[in-house]
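Q: Show me how the following folds:
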Amino acid sequence: MDELDGVDDGGNGELYEHFRFTVDKGQQLLRVDKYLVTRLEKSSRNRIQQAADAGCILVNGRAVKSNYRVKPLDVIQVVMDRPRYELEIIPEDIPLDIVYEDDSLLVVNKPAGLVVHPGHGNYSGTLVNALAWHFRDNPDYDVSDPRLGLVHRIDKDTSGLLVVAKTPDAKTHLGKQFFNKTTKREYNALVWGVPSPSSGRIEGNIGRNPKDRLQMAVLPPDDPTGKHAVTHYEVLEDFTHVALVKCVLETGRTHQIRVHMRHIGHPLFSDARYGGDVILRGERNGSYQKFVGNCFEICPRQALHARTLGFVHPDTGEEMFFSAPIPPDMTALIEKWRLYARK
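A: Numbers count the residues shown, from 1 in each chain. Alright, predicted model coming up:
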């Protein structure tokens with residue numbers, strides 16, 4: 001199986017190490033693509049070069065091009081956009097909301113609560129298990145083959161659109177679009193408070209929160225662990241104590257919208273990890289507390305939906321654009337706040 005293709009920095013932006021090599025002390029200068037082609041089974045030099053172009057060949061922690069010359073004691077990592085699957089992927093008959101499908105790709109509308117990739121205790125019931133079932137009669141689709149499959153990711157409790165590559169060339173082509181930030185991705189979110197100004201650009205490097213490893217955070221500019229991140233937002237509706245906003249991603253980092261909106265003082269409604277699951281705006285009387293409690297029950301997850309996705313088709317060159325309606329839990333939540341704001 002060819003282990004290299006289609007790595008991107010889309011979705012939640014996290015990359016996972018699949019291979020690591022430490023160059024011998026006596027190694028003569030050698031191009032990194034030539035070095036790796038002798039060490040990665042069934043990986044052609046062309047695939048390795050594509051992987052380098054997509055930013056998934058790291059030397060001493062930094063992405064390098066295929067013409068980089070390895071030196072003694074260099075640490076070379078091959079990283080990908082998903083964790084290694086340690087166990088066999090079992091096909092499971094999990095319903096899929098397929099928005100579009102052709103011979104090269106599939107666009108799916110993921111419901112909230114569905115984990116994307118197996119791992120970290122979620123080895124079944126994931127979107128990958130569902131895809132394994134969907135493609136069970138397709139001899140050309142191996143769900144464990146990293147040359148195929150999901151090109152980007154969204155969090156378990158975020159709903160919305162994802163694109164799946166059905167061929168190696170499609171994954172390479174789509175992966176480069178995410179890496180080069182040419183895709184179009186818009187999200188809808190309900191946030192605490194009403195951002196001012198009503199539209200703006202949030203820029204802040206994102207990395208692991210040193211005080212809580214389960215969280216990401218905006219880090220100081222000089223912190224080497226932070227990754228450049230930019231989010232554009234626009235207020236769509238003002239509900240007095242909360243607001244419906246549109247977020248457009250310029251980059252794709254782990255929890256980017258959740259982190260950036262919290263950073264400017266507007267955590268996502270019902271986002272337990274980032275402090276949005278308590279009353280942050282409004283009165284403190286009993287009736288209001290009961291109203292907000294009902295809202296939390298209606299949408300017991302971060303109110304975030306990946307509503308639109310645009311990219312260039314890898315085969316036809318056609319610009320494709322897809323939209324998925326806001327799901328019922330968020331729709332009911334928004335309507336409840338809309339009625340509240342009219343009182």
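
Q: List the buried residues for the helix ranked longest in the chain?
A: Ranked by residue count, the top helix of the chain under DSSP state H comes out as helix 328-342. Within helix 328-342, the residues scored as buried using 16 or more other Cβ atoms under 10 Å are D329, M330, L333, I334, K336, W337, Y340. All C-beta atoms are positioned from the backbone trio N, CA, C, and that covers glycine.

Q: same check, this time on stretch 315-324
A: M320, F322, A324.

Q: Just the ones of those in strands?
A: M320, F322 (DSSP state E).

Q: For K227, name its beta-bridge partners.
A: Counting by DSSP bridges, K227 is bridged to I206.

Q: Could you check how many residues crowd around it?
A: 17 (other Cβ atoms under 10 Å).

Q: Test my guess that it contacts H255.
A: No - in this structure K227 lies outside contact range of H255 using Cβ atoms under 8 Å: 11.8 Å.

Q: related to what we said a few turns ago, run through who's touching the longest helix of the chain.
A: 112, 159, 188, 190, 237-242, 244, 269-270, 291, 294-295, 298-299, 301, 303, 305, 325-326 (Cβ atoms under 8 Å, 6 or more residues apart in numbering).

Q: that older thread, any chance of the buried residues of helix 328-342 in JSON lines with pLDDT as columns?
A: Listed next are these as JSON lines, based on pLDDT from 0 to 100:
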{"residue": "D329", "pLDDT": "98"}
{"residue": "M330", "pLDDT": "98"}
{"residue": "L333", "pLDDT": "98"}
{"residue": "I334", "pLDDT": "98"}
{"residue": "K336", "pLDDT": "97"}
{"residue": "W337", "pLDDT": "98"}
{"residue": "Y340", "pLDDT": "95"}
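
Q: As a check, name the ranges of all helices in the stretch 201-343 of the chain.
A: Per DSSP state H, counting those that start in this stretch, the stretch 201-343 of the chain has helices spanning 256-263, 286-298, 328-342. These are given in chain order.

Q: Turn those helices into a markdown table, including distance to F311.
A: A markdown table is the format used below for these (distance: least, Cβ to Cβ, whole Å):
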| stretch | distance to F311 |
| --- | --- |
| helix 256-263 | 18 |
| helix 286-298 | 33 |
| helix 328-342 | 24 |
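
Q: what's the closest of those to V59?
A: Of all the helices of the stretch 201-343 of the chain, helix 256-263 sits nearest to V59, with 26.2 Å by Cβ to Cβ.
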